[in-house]
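>>> Sequence and computational prediction follow.
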Protein chains: 2
Amino acid sequence: MDEILIFLLKQGAHRAPFRISTTVIGKELDMSQQNASRRMILLEREGAIKRSSTGLTITESGLRTLNEFHNELKNALEWKVERLEFTGTVIDGLGEGEYYIKKYAKKLKENLGYIPYFGTLNVKLGPGEMQKRSRLRLIEPIIIEDFEEDGRKFGGLFLYKCRIKDIEGAIVIPMRTHHGMDVLEIVSKEKLREKLGNKRIKITLV
Amino acid sequence: MDEILIFLLKQGAHRAPFRISTTVIGKELDMSQQNASRRMILLEREGAIKRSSTGLTITESGLRTLNEFHNELKNALEWKVERLEFTGTVIDGLGEGEYYIKKYAKKLKENLGYIPYFGTLNVKLGPGEMQKRSRLRLIEPIIIEDFEEDGRKFGGLFLYKCRIKDIEGAIVIPMRTHHGMDVLEIVSKEKLREKLGNKRIKITLV
DNA sequence: ATTACTAAGATTCGAGTAC
DNA sequence: TGTACTCGAATCTTAGTAA
């Protein structure tokens, strides 16, 4: 976010035309007059500010940018845990889900109260969901610690209980994740893949 | 404000240690892995973040910086006109106040209801007051337009009625200002300079 | 007084690469 | 995999100066 634009905002240039020279801007923001001038030209080209004989104003567009930026910060700083819901599309997995669920079965039964269907559902999140995805980390997960069985090591899991159309399930995040941030792996009591097909679904945390 | 720090904030790195690679940061913020790495090193040197085996955390200091920045934006965007009060120190002026008040006397009488004492009080604002100073512009001023007298031109003034310890006065801002942003010029009915001396005073807008 | 151009210097960045 | 170094390129900033 441009520091000059924020400075002008603090001066109230979004409320009333404001007279200020590039020399003063430079002095206030500890930069040269020349640089202030150049950057004002850029801001003007971007349409963030407008200059006229009455003075300088932050445009609607410029103010919107500032507001969006402020809201992002606000959300990040003031966010509280609320109902989290993801939207995404079912995609093909690697088919290895079956193997792993068999291996993790006992642990899953202990932690979820049931042994899930032998197969996982991979859900690719929409572009707007990524930010929410990161909020998962802020919620207390069910933890399955690393364990060893038959001499083979299995990495720990974070589980988040959820529902997909009233079907009970859980989001599974391997502690040492291999999926990208944009894919959620779901286990559930029922065979989700058949019921849902390749389409958009909603996942609601419980 | 550093965009990487804001990104990490959005990921909740201020609440819990967070595992993320410089490659992913680069991809998310549309920059090279090398650049993300370099900037992470800088953030770490500044003390804004801390990296350890458990992951990455935003430090107290880093979070404070983000919070201050957010508050500044918030104040600028959500500010409403409230009682404005300045604190500053009386300083020596150039002594030209007397000449000007005599010239502006008639106009001042018209606008303030009295002819001020022939001399102005210069008040240097404290460092925290500068932001408030800029809010003056958002308040409707009393305006004395440019005028000519005896062939000499006099620049317009903005007046803001105020009180200094219950003494009626006005802040005078020349339209073509010569003072820095940190000095307020005050006129009043009484001889303020003698009453106050060189000390800290409060100016309350009315 | 003001703004903004040019040229040179300073900083930031990405590609290649080592570990 | 991952991080972080070097180095040339791209970008940003300042000084000088014109208008």
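Yep, it's here.

>>> Now the residue with the largest distance to the centre of chain A. Its backbone dihedrals?
Distance from the C-alpha centroid of chain A, by Cα atoms, centre = their mean, peaks at residue A:53 (43.6 Å). Main-chain dihedrals, residue A:53, degrees, to the nearest 10: phi -70, psi -30.

>>> State the pLDDT value of it.
Confidence at residue A:53, expressed as pLDDT, is 81.

>>> again with residue A:102
According to the prediction, residue A:102 has pLDDT 86.

>>> Now do the stretch of helix or strand residue A:40 belongs to: which elements does it pack against?
Assigned by DSSP states H and E, residue A:40 belongs to helix A:33-46. Under the contact criterion of 3 or more Cβ pairs under 8 Å, 6 or more residues apart in numbering or on different chains; DSSP states H and E, helix A:33-46 touches helix A:3-10, helix A:22-28, strand A:49-52. (Glycine included, C-beta is placed from N, CA and C.)

>>> now with 10 Å?
Where contact means 3 or more Cβ pairs under 10 Å, 6 or more residues apart in numbering or on different chains; DSSP states H and E, helix A:33-46 is packed against helix A:3-10, helix A:22-28, strand A:49-52, strand A:55-58, helix A:60-78.

>>> Using JSON lines, lay out those together with distance to DNA strand C and mean neighbour count.
Below are those laid out as JSON lines (distance: least, Cβ to the nearest atom of the strand, whole Å; neighbours: other Cβ atoms under 10 Å in any protein chain shown):
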{"stretch": "helix A:3-10", "distance to DNA strand C": "12", "mean neighbour count": "20"}
{"stretch": "helix A:22-28", "distance to DNA strand C": "4", "mean neighbour count": "17"}
{"stretch": "strand A:49-52", "distance to DNA strand C": "7", "mean neighbour count": "16"}
{"stretch": "strand A:55-58", "distance to DNA strand C": "9", "mean neighbour count": "19"}
{"stretch": "helix A:60-78", "distance to DNA strand C": "17", "mean neighbour count": "16"}
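
>>> rewinding a little: could you check the helix holding residue A:40 and say which residues are buried?
For helix A:33-46, burial by neighbour count (16 or more other Cβ atoms under 10 Å in any protein chain shown) applies to A:36, A:39-40, A:43.

>>> what residues are up against residue A:95?
Taking Cβ atoms under 10 Å, 6 or more residues apart in numbering or on different chains, we find residue A:95 in contact with A:119-120.

>>> What distance do you get for it to residue A:29?
To residue A:29, residue A:95 is 57 Å away according to Cβ to Cβ, to the nearest Å.

>>> same thing with residue A:55?
18 Å.

>>> Not counting sequence-adjacent ones, nearest residue to the residue of chain A found nearest DNA strand D?
Proximity of chain A to DNA strand D (Cβ to the nearest atom of the strand) peaks at residue A:35, 3.0 Å away. The spatially closest residue to residue A:35, leaving aside those adjacent along the chain, is residue A:26, at 6.6 Å (Cβ to Cβ, 6 or more residues apart in numbering or on different chains).

>>> in chain A, what spans have low per-residue confidence?
Counting by pLDDT under 70, chain A shows low-confidence ranges at A:79-83, A:94, A:127-128, A:131, A:134, A:137-138, A:176-180, A:197-198.

>>> how about the residues of it near DNA strand C?
A:21-24, A:33-34, A:37-38, A:40-41 (Cβ under 7 Å from any atom of the strand).

>>> repeat that for 6 Å
A:21-23, A:33-34, A:37, A:40-41 (Cβ under 6 Å from any atom of the strand).

>>> between these, which is nearest chain B?
Nearest to chain B, judged by Cβ to the nearest Cβ, of the residues of chain A next to DNA strand C is residue A:21 at 10.5 Å.

>>> Thought residue A:37 was touching the closest one, still the case?
Yes. Counting by Cβ atoms under 10 Å, residue A:21 touches residue A:37, with 9.4 Å between them.

>>> what residues does the helix holding residue A:40 touch?
With Cβ under 10 Å, 6+ apart as the criterion, helix A:33-46 contacts A:2-5, A:7-8, A:20-29, A:31-32, A:48-51, A:56, A:58-59, A:61-62, A:65.

>>> Now do that helix against helix A:3-10, angle only.
80 degrees (axes from the mean of the first three to the mean of the last three Cα atoms, to 10 degrees).

>>> gap between helix A:33-46 and the chain center?
33 Å (Cα atoms, centre = their mean, to the nearest Å).

>>> CA atoms only: put that helix into PDB for me.
In PDB, the C-alpha atoms belonging to helix A:33-46 read as follows (Å, rounded to 0.1, in the frame of the first residue of the first chain):
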ATOM      1  CA  GLN A  33      10.500  16.600  -3.500                       C
ATOM      2  CA  GLN A  34      11.400  15.000  -6.900                       C
ATOM      3  CA  ASN A  35      10.400  11.600  -5.700                       C
ATOM      4  CA  ALA A  36       7.200  12.800  -4.100                       C
ATOM      5  CA  SER A  37       6.400  14.500  -7.400                       C
ATOM      6  CA  ARG A  38       7.100  11.400  -9.400                       C
ATOM      7  CA  ARG A  39       5.000   9.200  -7.100                       C
ATOM      8  CA  MET A  40       2.100  11.700  -7.100                       C
ATOM      9  CA  ILE A  41       2.100  11.400 -10.900                       C
ATOM     10  CA  LEU A  42       1.900   7.600 -10.600                       C
ATOM     11  CA  LEU A  43      -0.900   7.800  -8.100                       C
ATOM     12  CA  GLU A  44      -2.700  10.200 -10.500                       C
ATOM     13  CA  ARG A  45      -2.200   7.800 -13.400                       C
ATOM     14  CA  GLU A  46      -3.500   4.900 -11.400                       C
END
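
>>> Taking helix A:60-78 as reference, get the angle to that helix.
Going by the same axes, to 10 degrees, helix A:33-46 makes 100 degrees with helix A:60-78.
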